[in-house]
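Peer 1: Here is my input; please provide its structure:
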Amino acid sequence: MNSDPGRTRNPRGHGEKLRRDIVAAATALIEETGSEDAITLRGVARKVGISAPSVYGHFESVEAIVAAVVADAFAELDAALEAADGSASPAEHLQAVCRAYLEFARDRPHRYRVMFGRHRTNPRAAMTEPRAAENLLGAQAFGTLVSAVARTAGTEPDATTFTDATALWVAIHGYASLQDAVPAFPWPEPGEMLPILLGRLVQDRA
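Peer 2: Numbers count the residues shown, from 1 in each chain. Below is the predicted model:
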């Protein structure tokens, strides 16, 4: 018997589709409300068209659903940075990567806030001991930024380019986060800001 009258049961082997639907519903709730607090089992189930207990077949808790939303968002950010124009000069490529980052944050402000807020509020993510960057969420996106910085220096990624990329990330993340937090401020456009940030924080390599 189908316990979910609002939804046709997925054929055998289509459980992954339902899992994606649950994550998409949770993502939509964040975008609609601006807060991950809107993600509840009942709310997600209602949006998908299933019963709340059916969610447990794919996620053990609301925390697990939010974690999946965050993982998907970082995957989107990774793809956006990878798609930045790699055929341009090193300086132009670095600017393209930074623009892609800022556009992602601008177009998905609520998800962007949750992505980085989870590092602070999620007990599993809020580790006191530093870990290797490649073991953290967003590692691929940060690696793309490091590689773009290294291209401007004509070197392979190393400790210096890692530090430069970290400084650049602090700058563009701060710019994106402040734009979201203080929208009434007359923020300069990215085209005005990026040459300043790149020139000063990557030692005029760009």
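
Peer 1: any idea of the pLDDT on the most centrally placed residue in the chain?
Peer 2: Compute the mean C-alpha point of the chain, and by CA atoms, centre = their mean the closest residue is F74, 3.5 Å away. Here the pLDDT value assigned to F74 is 94.

Peer 1: L18 too?
Peer 2: So, for L18, pLDDT stands at 89.

Peer 1: How about P109?
Peer 2: P109 is given a pLDDT of 91.

Peer 1: quick one on the thing from earlier: from A159, how far out is the residue nearest to the centre of the chain?
Peer 2: 24 Å (CB to CB, to the nearest Å). The C-beta positions use only the backbone N, C-alpha and C, and glycine is treated the same way.

Peer 1: So F74 is in contact with V114, correct?
Peer 2: No. Between F74 and V114 there is no contact under CB atoms under 8 Å: 10.9 Å.

Peer 1: Now for this protein: which helix has the highest residue count?
Peer 2: helix 159-181 (DSSP state H).

Peer 1: what's next to that helix, contact-wise?
Peer 2: 98, 101-102, 105-106, 109, 112-113, 116, 133, 142, 145-146, 148-150, 153, 155, 185, 187, 190, 193, 197-198, 201-203, 205 (CB atoms under 8 Å, 6 or more residues apart in numbering).

Peer 1: Give me the buried positions along that helix.
Peer 2: 161-162, 164-166, 168-169, 171-172, 175-176, 179 (16 or more other CB atoms under 10 Å).

Peer 1: nearest to A52, of those residues?
Peer 2: Nearest to A52 among the buried residues of helix 159-181: A176, at 34.9 Å, using CB to CB.

Peer 1: Please put the alpha-carbon coordinates of the host helix or strand of the residue nearest to the centre of the chain into CSV.
Peer 2: For F74, the host element (DSSP states H and E) is helix 62-82. C-alpha atoms of helix 62-82 as CSV (Å, rounded to 0.1, in the frame of the first residue of the first chain):
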residue,chain,number,x,y,z
VAL,A,62,17.1,17.1,9.7
GLU,A,63,20.9,17.6,10.3
ALA,A,64,21.7,15.0,7.7
ILE,A,65,19.3,16.8,5.2
VAL,A,66,21.0,20.2,5.8
ALA,A,67,24.4,18.6,5.4
ALA,A,68,23.3,17.2,2.0
VAL,A,69,22.1,20.6,1.0
VAL,A,70,25.4,22.2,2.0
ALA,A,71,27.4,19.5,0.1
ASP,A,72,25.3,20.1,-3.0
ALA,A,73,25.9,23.9,-2.7
PHE,A,74,29.6,23.4,-2.5
ALA,A,75,29.5,21.1,-5.5
GLU,A,76,27.7,23.9,-7.4
LEU,A,77,30.4,26.4,-6.3
ASP,A,78,33.1,24.0,-7.4
ALA,A,79,31.5,23.7,-10.9
ALA,A,80,31.0,27.5,-11.2
LEU,A,81,34.7,28.2,-10.5
GLU,A,82,35.9,25.3,-12.8
